[in-house]
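S.K.: Starting from these lines, generate the structure:
(one chain, ligands or ions: 1)
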Amino acid sequence: MCSKLSNKENKLIKNSDIKNLSLEVYSDPEFVRSYAEKIEYNAHNSLYERPATLSLLSNVKGKNVLDAGCGPGAYTEWLLENGAMVTSLDYSEEMLSRVKMKVGNKARVIRANLNNTLDFFKDEEFDTIVSSMTLHYLSDWRVVFNEFSRIIRKNGELVFSLHHPFMDYQFHREGNYYETELIEDDWPAYGIRMKFYRRPLSDVFKILSETEFGFEELLEPLPLEECRTKFPDTYSTLSTRPWFICFKAVRKN
Ligand SMILES: C[S@@+](CC[C@H](N)C(=O)[O-])C[C@H]1O[C@@H](n2cnc3c(N)ncnc32)[C@H](O)[C@@H]1O
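M.R.: Predicted coordinates:
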């Protein structure tokens, strides 16, 4: 089902590719259309990852929230419906045009790459940052976590979700769990191959403590009950194997 790129192939990946990892796939109109449609009702996002990640957020009413790696805007829409002022950021034009179709001009929409500094945001501009299923496309977390720490106010919440590293390790045992490794995976539901990074679980806690975030909560989600009847096979997998993982941290000092 999945294959890890060999070390030799890894070395052939240029810095510019690393900074734009998987942008090609996320810019493909057909993939984006299908992704936007599927995540509204599917098991993995709508009945598993999204409810879990959202459950970590405190009340967002009246809060200034950054949706970092917003994709087609499912989180942006939820945040707006729950009374937040939302800035939606992504490196894919195609994704951002979906956000605009979904919420019009209710959100501030910004095209930017999370591998770069976010100089256009002021210090402590946001009360909350949400970043779902995005940070595993970044090879080096220092820039993004430093920037998150700069642009979030003191005591502001950072909530994010990732592939569970144990899931990636289940499918890529030939690698070294303790290294950050580039993985290439088939996504059969979309007919594409996606590249992303797997890193050890402890890297999350390391980067949080290096960037002034205090760890608050880790969630290894279970699918909603509704998933059992709608998608029984996926329910059985997601309720017995780690797949995605969600974190909440708070900016100290
Ligand atoms: C799996 S999708 C998740 C979308 C959305 N957060 C959700 O959960 O529905 C990952 C998103 O991250 C964006 N992305 C990946 N790497 C990025 C980068 N370096 N800078 C900004 N956005 C990035 C992709 O374009 C895509 O929209």
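S.K.: Excluding covalently adjacent residues, which one is nearest to Trp187?
M.R.: Among residues not flanking Trp187 along the chain, Met194 sits closest, at 5.5 Å (Cβ to Cβ, 6 or more residues apart in numbering). Quick note: C-beta positions are derived from backbone N, CA and C, even for glycine.
S.K.: hmm, who's touching the helix or strand harbouring Glu226?
M.R.: Assessed by DSSP states H and E, Glu226 sits inside helix 225-230. Applying Cβ atoms under 8 Å, 6 or more residues apart in numbering, the set of residues contacting helix 225-230 from outside is Ala43, Leu47, Tyr48, Thr234, Tyr235, Leu238.
S.K.: Stretch 122-136 - what's its average pLDDT?
M.R.: What stretch 122-136 shows for mean pLDDT is 98.
S.K.: now swap in stretch 44-58 and tell me
M.R.: Across stretch 44-58, the per-residue pLDDT values average to 98.
S.K.: Can you tell me what sits against it?
M.R.: The list of residues contacting stretch 44-58 from outside it, by Cβ under 8 Å, 6+ apart, reads 38-40, 74-75, 78, 128, 130, 132-133, 157, 159-161, 217, 219, 221-224, 226-227, 230-231, 234, 238, 243-244, 246-248.
S.K.: quick one: buried residues of it?
M.R.: Of the residues in stretch 44-58, those buried under the neighbour-count criterion (16 or more other Cβ atoms under 10 Å) are His44, Asn45, Ser46, Leu47, Tyr48, Glu49, Arg50, Ala52, Thr53, Leu54, Leu56, Leu57.
S.K.: of those, closest to Ala112?
M.R.: Ranked by distance to Ala112 (Cβ to Cβ), the buried residues of stretch 44-58 are led by Thr53 at 21.2 Å.
S.K.: picking that back up, gap between the helix holding Glu226 and the chain center?
M.R.: Here the centre of mass of C-alpha atoms in helix 225-230, compared against the chain's by Cα atoms, centre = their mean, to the nearest Å, lies 24 Å away.
S.K.: returning to that earlier point: let me know the closest of the contacts of helix 225-230 to the ligand.
M.R.: Ranking those by separation from the ligand, with Cβ to the nearest ligand atom as the measure, puts Tyr48 on top at 11.4 Å.
S.K.: quick one: the closest one from Phe244, how far?
M.R.: Distance from Tyr48 to Phe244, counting by Cβ to Cβ, to the nearest Å: 7 Å.
S.K.: Asp186 now?
M.R.: Taking Cβ to Cβ, one finds Asp186 at 18 Å from Phe244.
S.K.: Over to Trp187?
M.R.: Trp187 is 14 Å from Phe244, where distance means Cβ to Cβ.
S.K.: Settle it for me: which of those two has more neighbours?
M.R.: In this view Trp187 and Phe244 are compared by other Cβ atoms under 10 Å, and Phe244 has more residues nearby, 22 against 14.
S.K.: Can you give me the distance of that one to the ligand?
M.R.: Using Cβ to the nearest ligand atom, to the nearest Å, we find Phe244 at a distance of 10 Å from the ligand.
S.K.: got the residue ranges for the helices in the stretch 1-150 of the chain?
M.R.: Counting by DSSP state H, counting those that start in this stretch, the stretch 1-150 of the chain forms helices over residues 7-12, 15-19, 23-26, 29-38, 50-55, 74-81, 93-103, 141-151, given from the N-terminal end onward.
S.K.: closest to Leu182 out of those?
M.R.: Nearest of the helices of the stretch 1-150 of the chain (Cβ to Cβ): helix 7-12, 5.4 Å.
S.K.: just to revisit the earlier point, quick one: buried ones out of the contacts of stretch 44-58?
M.R.: 38-39, 74-75, 78, 128, 130, 132-133, 157, 159-161, 219, 221, 223-224, 227, 231, 234, 238, 243-244, 246-248.
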